[in-house]
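# Give the three-dimensional model of this entry:
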Amino acid sequence: MPIGDLFRRRPAEAQTCSACGSQLPPGSAFCPVCGVRTDDPSAQPLHIVDRTTGLFNDRFIRPVLEDELARAHRYGRALGILLIEAQDEGGDGLEARHAEETLKAMAAAVAGTLRDVDTPGVLARVPPQILAVLPDTDTAGTAHAANRVLAAVNGALTSNGRRAGVGLVCVRPNQRFRAGAIIEAATKSLRSGRPELLRR
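So this is what the prediction gives:
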């Protein structure tokens, strides 16, 4: 090895963020993309938006649901919740690639159908699930929204041969529930095909 190679400065290896995987500038203490510390091995990104769909991600939609449940209880207003899931009709399962395409199509259809005050978010990626929170929406309004969303999503999924199902939950005014119980009730509604009316 020539002596000059010993003294020649070698380029530092590019470092990536342990939370989001993006390239880090040399000597940075925080990731410029997701904002977490570069030396924290258990760091998770601070993103609240799902990068594939542009909707809120699964870590943020649950707190949104908790906040809306608290608001509905405080002000005595009804709250509607929709759980939209891609169905595996062919029995071939949803591979990650197909699940991603299906989720994108579902998200675009849901976002284009709901009102501005409604909040959709990705609940799961395989099978693709989207949770929509409908503030100030009674049973009739939730059912109407479910029909519109289901028609839009199934229309968007015809190109890849999938269909979707929807579960709906209506929380009556002055009732207090937690997000976990609501998601469980929405899943039950999705499987049974009947709406869940939550009251004490």
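# Where does pLDDT dip in the protein?
Within the chain, the segments meeting pLDDT under 70 span 1-14, 19-20, 41-46, 88-97, 199-200.
# what's the closest non-adjacent residue to the most centrally placed residue in the chain?
Nearest to the geometric centre of the chain sits V122, at 1.4 Å (Cα atoms, centre = their mean). Leaving aside its sequence neighbours, V122 sits nearest to D50 (Cβ to Cβ, 6 or more residues apart in numbering; 4.5 Å). Heads up, the C-betas are built off the backbone N, CA and C, glycines and all.
# Pretty sure R194 sits in a strand.
No - with DSSP: H, G, I helix; E, B strand; the rest coil as the criterion, R194 is coil rather than part of a strand.
# And for the residue nearest to V122, the neighbour number?
20 (other Cβ atoms under 10 Å).
# and it, what is it in contact with?
By Cβ atoms under 8 Å, 6 or more residues apart in numbering, D50 lies in contact with F56, N57, D58, A107, G121, V122.
# How far does the strand or helix carrying the residue nearest to the centre of the chain sit from its chain's centre?
Element membership for V122 (DSSP states H and E) is strand 119-124. A distance of 3 Å separates the centroid of the chain from that of strand 119-124, by Cα atoms, centre = their mean, to the nearest Å.
# Next SSE downstream of it?
Assigned by DSSP H and E, the successor of strand 119-124 is strand 129-135.
# Touching that following strand from outside, list them.
55, 61, 64-65, 68, 71-72, 77, 79-86, 103, 106-107, 110, 114-115, 117-123, 141-142, 145, 149, 183, 186.
# any idea of the angle it forms with strand 119-124?
For strand 129-135 against strand 119-124, the angle by axes from the mean of the first three to the mean of the last three Cα atoms, to 10 degrees is 150 degrees.
# which of the residues in the helix or strand that comes right after strand 129-135 are buried?
Next along the chain after strand 129-135, taking DSSP H and E as the criterion, comes helix 139-157. Of the residues in helix 139-157, T142, A143, A145, A146, V149, L150, A152, V153, N154, A156, L157 count as buried by neighbour count, 16 or more other Cβ atoms under 10 Å.
# following helix 139-157, which helix or strand shows up next?
Helix 139-157 is succeeded, C-terminally, by strand 163-171 (DSSP H and E).
# Could you name the helices and strands sitting against that following strand?
Where contact means 3 or more Cβ pairs under 8 Å, 6 or more residues apart in numbering; DSSP states H and E, strand 163-171 is packed against strand 79-87, helix 139-157, helix 179-192, strand 196-198.
# Could you export the ones you listed as JSON lines, including distance to P127?
JSON lines is the format used below for the helices and strands packed on strand 163-171 (distance: least, Cβ to Cβ, whole Å):
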{"stretch": "strand 79-87", "distance to P127": "5"}
{"stretch": "helix 139-157", "distance to P127": "12"}
{"stretch": "helix 179-192", "distance to P127": "11"}
{"stretch": "strand 196-198", "distance to P127": "20"}
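# domain parsing for this protein?
Domain ranges of the chain: 7-47, 58-198, per automatic domain parsing.
# Next, the distance between the ends of the last one.
So the one you mean is domain 58-198. 23 Å (Cα to Cα, to the nearest Å).
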